[in-house]
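Asks: For reference, the sequence and a predicted model appear below.
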Amino acid sequence: MEDPALAAHLHELRRGSVVSACLTVLTTPAYGYALSHRLEEAGFEVEQNTLYPLLRRLEAQGLLVSAWNNDEPRPRKFYRTTPAGDRVATALRDDLDRMRSALAGLRERNDDDLDG
Amino acid sequence: MTSTVDRYLEVAVAGVPPKDRADAGRELRDAIEDGVRERLGEELDEDEAVEAVLVEFGDPLLFAARYRGRPLGLISSVRYPAWRILLRLLLVIIVPIIAGVAFVYAVERGASVASIVGAVAGGALEAVVHVSFWTTLIFALVDRIVPAPAKPEVTWSTAYLPQRSSSTRLALGEAILWAATALAAIAAIVVQHVVLNEPPLSPAQWSFWWPAVIAALALQAVLAFVVHRRGWSPALRLTALVLDLAVLVPPLWLLAAGRALNRDAFRDLDLGIATPPADALTAALLVVLSSLLAWRLVTAARSLRHLHPKAES
């Protein structure tokens, strides 16, 4: 991570996958702070000032619903995906998979060219 | 603790529509309190824990901007090229017009050479500031009212490329134009001296300065054809710059000292302006020649910088 160019590219790559990670986690309800911990543990660096506005935006787009849970000693705002959110999450994950295999395909072609 | 958090939240949720602001504030306060509770285990007192959490959460203005969904910039990158093209175009058209108006107004009032030059420079500067400010303001407002599309509305085409030959050699047409300009300037300087009874350029300077300027102009005409034949090299760029200075600096210096023009040539001229015509012409030439000098210096600095990597390799 010493290399600033690499760090910038990784940042860019991960930023694009935050939405799919959020929608994937939130098939089970969670509140913002817990979600940010889960994402961090999974290796997605997402800043708080990105996460909370993002959750609101996804809710406005109808991909998430939220509700205050008052059962616990401390009330918290829980988010979970809507059916539309699940569909978007699946589509995004499929596209990530497609990019991974496309990338592998590109590498294989290069290896073949080197051998040949 | 609460006052710091309150102040933070006030800024952070300012980007949320008013009806949802309380909700967003409550959510963020919970998150901050969760963070503080986690850190209290780390032998921090409460103020230190709050400080650490808020620093981790970052500048609340970022929260506000992201809640608002607005780009973190004055003009979105999609509209930036249009802004740049429009601003340049407006500056090139409007600034000379305002400078000209300022000149006419100053000579009609009978201003001195120095105050004419000052009025023109001030008018030009004011025009630059106004045009830049209002153009940028309109773009910034549009960006805030109509969110920028993901792609530019106007597709780019090669027609937008600057008109310039890619080769380092000067096309024959350009070389002829360049040489002809220099020769025309020489002809004008000589003819006004030979033909007119009272030449506008001061006859006293023929002892040294006018021949020196003529020599530099003649060398420029020669240089045009050398560049046409051989192409630009760092040495030729430098020669061109030196010749530009040799042509422009002496007249500027003589004009500023009031020794370039022959005042007798303008004595009977009546242009209907309060400033003596010789002074008006001095001011006009000072402005035009110094603009030309500034432009030549900027282009020379650019071309020398472009050549630098090549010269090293």
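Replies: Perfect, I can see it now. Note that the coordinates shown come from a computational prediction; the quantities given were computed from them, not determined experimentally.

Asks: Let me see the ranges of the strands in chain A.
Replies: Counting by DSSP state E, chain A has strands at residues A:30-31, A:64-69, A:76-81.

Asks: can I assume B:A284 is in contact with B:V104?
Replies: No: here B:A284 does not reach B:V104: they are 10.3 Å apart, not a contact under CB atoms under 8 Å. In short, each C-beta sits where N, CA and C put it, glycine included.

Asks: check contacts around residue 79.
Replies: With no chain named, the answer covers chain A. By CB atoms under 8 Å, 6 or more residues apart in numbering or on different chains, the contact list for A:Y79 reads A:L26, A:P29, A:A30, A:Y31, A:G32, A:L35, A:L55, A:E59, A:L64, A:V65, A:S66.

Asks: Hmm, no, I was thinking of chain B.
Replies: Applying CB under 8 Å, 6+ apart to B:R79 gives the contacts B:F139, B:V142, B:D143, B:A148, B:P152.

Asks: If we use 7 Å, what do you get?
Replies: By CB atoms under 7 Å, 6 or more residues apart in numbering or on different chains, the contact set of B:R79 is B:F139, B:D143, B:A148.

Asks: Tell me the one of those residues nearest chain A?
Replies: Proximity of the contacts of B:R79 to chain A (CB to the nearest CB) peaks at B:A148, which lies at 16.5 Å.

Asks: Give me the nearest residue to the residue in chain A that chain B sits nearest to, chain neighbours excluded.
Replies: For chain A and chain B, the shortest gap (CB to the nearest CB) falls at A:P53, measuring 3.7 Å. What sits nearest to A:P53 in space, not counting adjacent residues and going by CB to CB, 6 or more residues apart in numbering or on different chains, is B:R66, at 3.7 Å.

Asks: that older thread, between B:A284 and B:V104, which one's more packed in?
Replies: B:A284 (18 against 12; other CB atoms under 10 Å in any protein chain shown).

Asks: if I look at the more buried one, how far off is chain A?
Replies: 52 Å (CB to the nearest CB, to the nearest Å).

Asks: Tell me which residues touch A:T81, please.
Replies: Under the criterion of CB under 7 Å, 6+ apart, the neighbours of A:T81 are A:L23, A:L26, A:T27, A:L63, A:L64, A:A89.

Asks: Likewise for B:R70?
Replies: B:R144.

Asks: any idea which element it lies in?
Replies: B:R70 is part of no helix or strand when elements are defined by DSSP states H and E.

Asks: how far is the longest helix seen in chain A from where the chain is centred?
Replies: Ordering each helix of chain A by length in residues (DSSP state H) puts helix A:83-115 first. Counting by CA atoms, centre = their mean, to the nearest Å, helix A:83-115 is centred 16 Å from the centre of its parent chain.

Asks: Okay, buried residues for that helix please.
Replies: For helix A:83-115, the neighbour count (16 or more other CB atoms under 10 Å in any protein chain shown) marks A:G85, A:D86, A:V88, A:A89, A:L92 as buried.

Asks: confidence score at A:P75?
Replies: Note for A:P75: predicted pLDDT of 85.

Asks: which one is it nearest to, not counting chain neighbours?
Replies: Closest residue in space to A:P75, ignoring its immediate chain neighbours: A:W68 at 5.4 Å, by CB to CB, 6+ apart.

Asks: what about that neighbour, how many neighbours?
Replies: Counted with other CB under 10 Å, A:W68 comes out at 13.

Asks: which ones are touching the residue of chain A closest to chain B?
Replies: The contact partners of A:P53, taken as CB under 7 Å, 6+ apart, are B:F63, B:R66, B:Y67.

Asks: Out of those residues, name the ones that lie in helices.
Replies: When the contacts of A:P53 are checked against helices (DSSP H), the matches are B:F63, B:R66, B:Y67.

Asks: show me what contacts the closest residue to A:L63 other than its chain neighbours?
Replies: By the measure of CB to CB, 6+ apart, the closest residue to A:L63 outside its immediate chain neighbours is A:G85, 3.6 Å from it. Shown in contact with A:G85 (CB under 7 Å, 6+ apart): A:L23, A:L63, A:L64.

Asks: and chain A, which of its residues are near chain B?
Replies: Proximity of chain A to chain B, by CB under 7 Å from any CB of the partner chain, involves residues A:32-33, A:47-50, A:52-53, A:56-57, A:74, A:76-77.

Asks: Now do the contacts for residue 24.
Replies: Just so you know, I chose chain A. Per CB under 7 Å, 6+ apart, neighbours of A:T24: A:A89, A:R93.

Asks: wrong one, chain B
Replies: Here B:A24 is in contact with A:R56, B:V13, B:V16, B:Y67 (CB under 7 Å, 6+ apart).

Asks: how many other residues sit next to the nearest residue to A:E59 once chain neighbours are set aside?
Replies: Spatial nearest neighbour of A:E59, chain neighbours left out: A:S66 (5.7 Å); criterion: CB to CB, 6+ apart. As a burial measure, A:S66 scores 19 neighbours (other CB under 10 Å).

Asks: If anything else comes up later, I'll come back, but that's it for now.
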